[in-house]
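Colleague: Based on what follows, work out the 3D shape:
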Amino acid sequence: MIVKTEVIGLRDIGSIVGENIRYYRQRRGLSQEKLALEAEISTSYLGDIERGGQNPTINTLYLIAKALGIDAYLLIIEKSSVCVKDRSTRELYRRIYRDLLLMPEECRETLAQFADEFAALCARYGE
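Modeller: From the prediction side, this is the model:
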């Protein structure tokens, strides 16, 4: 008897990893060829990973992250869980979320203070 087990989120994590790699690669202005060379993997394998068609090993994730100049955990975390129906707004939230993760803690604190003050001004003046 064959027992089917459902692995929740396996395909999703592959997609998340691929999207994150593509995001950071493009953000740094790297081609797939350049990143693959720096990470010591083939260009076709990197393309497969970015499309969510391959699940890289932890070692490969580490090499890719190192080549991108980021911590490896940034490649596996899911994007912001903000629920917004408008696609462009949702993409904006995701981009901001990723950018925040790259900022030093001191910058995040300063930005949070600025956001609080800005929100207070908007509430005060009805904007």
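Colleague: hey, where'd the helices end up in the chain?
Modeller: Secondary structure of the chain, counting by DSSP state H: helices at 10-27, 32-39, 43-50, 58-68, 87-102, 105-125.
Colleague: Quickly, which of these bottoms out on average pLDDT?
Modeller: Of all the helices of the chain, helix 87-102 carries the lowest average pLDDT, namely a mean of 78.
Colleague: what's the angle between that helix and helix 10-27?
Modeller: 80 degrees (axes from the mean of the first three to the mean of the last three Cα atoms, to 10 degrees).
Colleague: got the buried residues for helix 87-102?
Modeller: Residues 93-94, 98 are the ones in helix 87-102 that count as buried (16 or more other Cβ atoms under 10 Å). C-betas here are computed from N, CA, C, even on glycine.
Colleague: just those now: which is nearest Y24?
Modeller: R98 (8.0 Å; Cβ to Cβ).
Colleague: Against I13, how distant is that closest one?
Modeller: The spacing between R98 and I13, counted by Cβ to Cβ, to the nearest Å, is 17 Å.
Colleague: again with G29
Modeller: Distance from G29 to I13, by Cβ to Cβ: 26 Å.
Colleague: Next up, the contacts around the residue nearest in space to the middle of the chain.
Modeller: By Cα atoms, centre = their mean, the chain has its centre lying nearest to N20, at 3.4 Å. Taking Cβ atoms under 8 Å, 6 or more residues apart in numbering as the criterion, N20 is in contact with 74-77, 98.
Colleague: I am finished for the moment; much appreciated.
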